[in-house]
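Engineer: Need a 3D model of the sequence below.
(one chain, ligands or ions: 2)
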Amino acid sequence: MTVVLAIETSCDETAVAIVRDGIEVLANVVSSQVEIHAPFGGVVPEVASRAHLEMLEPVLARALTDASMTGADVDVVAATHGPGLIGALLIGVSEAKALALAWNVPYVGVNHMEGHLFATFLERPDLEPPLVVLLVSGGHTLIIHLEALGQYRILGSTIDDAAGEAFDKVARYLGLGYPGGPRIDQLAKEGDRDAIVFPRGMLNEGLDFSFSGMKTSVINYVRKHRDANNADLAAGFQEAVVDVLVSKAMRAAEQTQAKGVCLGGGVAANSRLRERFVQEAEVRGLQCLIPDRSFCTDNAAMIAAAAHWRLGEDGPTGLDSGAYPGLGLPVMERWARPSD
Ligand code: KG4
Ligand code: ZN
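Structural biologist: Ligands and ions are numbered 1, 2, ... in the order given. This is a model prediction of the structure:
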């Protein structure tokens, strides 16, 4: 049995989790900085670092209490070492390395996006590859072909904004505040998703995405229709984004003859995306897995799950390693695409 204590501080959540054998979540504590950044309309890196510094010790203490453990029960300490904000990452990485030294256990640096991928396996370790995973967060929009654990091919990615970024920008334009994704999700429930039909960027062009034009079409619409209803705008925009995300993920599964489809990343918390993803997978007879919302948005349980697997695969990470803001997913060569 291996108990991993993982720390996640890549952006604006200070999180610590304790997970046994990569699947059994004993503690999962997340302290969000949303209220601290809200007055600025987005994450302020320096403010984020300071808040991580203040919150990490209490969050760590709480996780150990929740798991009824002390440092002596921990076998491995892990931290997200990229991608993310450099100052924020360094706080989690430094703490994890210090704990690993103090407790005399291995340290594992984890790729945040690989963590999002492992969120699916936390709940369903029995899932059988090959799988197609749609990873949608504030910084990434990826369709990944998972041939086996650790073997990833990127089938599609965004050529401009990430899906979460588009949600956040449209929300800001509509004056809905920050973070935009959950606000649009909420407001869309009161709107008519067919009232305003926005263009579906690159819907029939391969597996890459483009959200920037969709965002601009909302802005142009509002300029022409000053009295447009915000709930209808939110519902129409969300429908367009979800349509593109789900269509491409399903097309990718068909083209690669995947056995199942998974969803991950913060945008995977979106109600309409979750609903449509399940419906479309069912129609095609595909296994479908969407993690609980708490494992979609940033958390440290997914980092612990990825660390557990990486330790077995690559061994511990050296204590002389750093934090890597631009770290990419360790992918195999890009898929030679079948014609779309
Ligand atoms: O994965 P995540 O928590 O952080 C990153 O790694 O980026 O994703 C954050 C993104 C934000 O853009 C946020 O607006 C979006 O996920 N998000 C949502 C929802 N909840 C979070 N987008 C749409 N609907 C939601 N319910
Ligand atoms: Zn994330």
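Engineer: Residue numbers of this protein in contact with ligand 2?
Structural biologist: 137, 298 (Cβ under 5 Å from the ion). Any C-beta I mention is one placed from the backbone N, CA and C, and that applies to glycine too.
Engineer: counting contacts, what elements does the helix or strand harbouring residue 168 pack onto?
Structural biologist: Using DSSP states H and E, residue 168 sits in helix 163-173. Other helices and strands packing on helix 163-173, by 3 or more Cβ pairs under 8 Å, 6 or more residues apart in numbering; DSSP states H and E, are helix 180-188, helix 212-224, helix 230-256.
Engineer: For ligand 1, which of those helices is the nearest?
Structural biologist: For ligand 1, the closest of these is helix 180-188, at 2.1 Å, according to Cβ to the nearest ligand atom.
Engineer: Okay, residue 35 and ligand 1: tell me how far apart.
Structural biologist: 15 Å (Cβ to the nearest ligand atom, to the nearest Å).
Engineer: Can you verify that residue is assigned to a strand?
Structural biologist: No: counting by DSSP: H, G, I helix; E, B strand; the rest coil, one finds residue 35 to be helix, located in no strand.
Engineer: Got the domain ranges for the chain?
Structural biologist: For the chain, automatic domain parsing gives the domain ranges 3-116+295-314, 125-294.
Engineer: Minimum distance to residue 326: which of these has it?
Structural biologist: Nearest to residue 326 among the domains of the chain is domain 3-116+295-314; the distance by Cβ to Cβ comes to 5.8 Å.
Engineer: average pLDDT for that closest one?
Structural biologist: The average pLDDT for domain 3-116+295-314 rounds to 96.
Engineer: again, but for stretch 196-211
Structural biologist: Average pLDDT, stretch 196-211: 93.
Engineer: got it, and stretch 261-271?
Structural biologist: For stretch 261-271, mean pLDDT rounds to 96.
Engineer: Now do the end-to-end distance for that stretch.
Structural biologist: 17 Å (Cα to Cα, to the nearest Å).
Engineer: which parts of it are buried?
Structural biologist: Across stretch 261-271, burial judged by 16 or more other Cβ atoms under 10 Å covers 261-270.
Engineer: same thing with stretch 67-82?
Structural biologist: Under the neighbour-count criterion of 16+ other Cβ under 10 Å, stretch 67-82 has 67, 69, 74, 76-82 buried.
Engineer: quick revisit: burial-wise, tell me which of the domains of the chain comes out on top.
Structural biologist: Highest mean neighbour count of these: domain 3-116+295-314, a mean of 21 (counted as mean count of other Cβ atoms under 10 Å).
Engineer: okay, how far is it across that domain, tip to tip?
Structural biologist: The straight-line separation of the ends of domain 3-116+295-314 (Cα to Cα) is 17 Å.
Engineer: now that domain: how far from the chain's centre is it?
Structural biologist: Computed by Cα atoms, centre = their mean, to the nearest Å, the chain-centroid distance of domain 3-116+295-314 equals 14 Å.
Engineer: how about the residues of the stretch 51-200 of the chain near ligand 1?
Structural biologist: By the rule Cβ under 6 Å from any ligand atom, the part of the stretch 51-200 of the chain lying against ligand 1 is 137-139, 164, 167-168, 179-182, 185.
Engineer: thinking again about what came up before, cross the buried residues of stretch 261-271 against strands and list the overlap.
Structural biologist: Among those, the ones falling in strands (DSSP state E) are 261-264.
Engineer: Name the nearest of the residues you listed relative to ligand 1.
Structural biologist: Comparing those against ligand 1 with Cβ to the nearest ligand atom picks out residue 264 as the nearest, at 8.3 Å.
Engineer: Now that closest one: closest residue in space that isn't a chain neighbour?
Structural biologist: Nearest non-adjacent residue to residue 264, counting by Cβ to Cβ, 6 or more residues apart in numbering: residue 116, 4.4 Å away.
Engineer: Same check on residue 60?
Structural biologist: On the basis of Cβ to Cβ, 6+ apart, the spatially nearest residue to residue 60 that is not a chain neighbour turns out to be residue 16, at 5.0 Å.
Engineer: Likewise for residue 247?
Structural biologist: The spatially closest residue to residue 247, leaving aside those adjacent along the chain, is residue 203, at 6.3 Å (Cβ to Cβ, 6+ apart).
Engineer: do the same with residue 190
Structural biologist: Nearest non-adjacent residue to residue 190, counting by Cβ to Cβ, 6+ apart: residue 231, 4.3 Å away.
Engineer: which two in the buried residues of stretch 67-82 are spaced the farthest apart?
Structural biologist: Pairwise over these, using Cβ to Cβ, the maximum falls at 69 and 82, 27.5 Å.
Engineer: and the helix holding residue 168, what's its mean pLDDT?
Structural biologist: 95.
Engineer: Alright, calling it a day.
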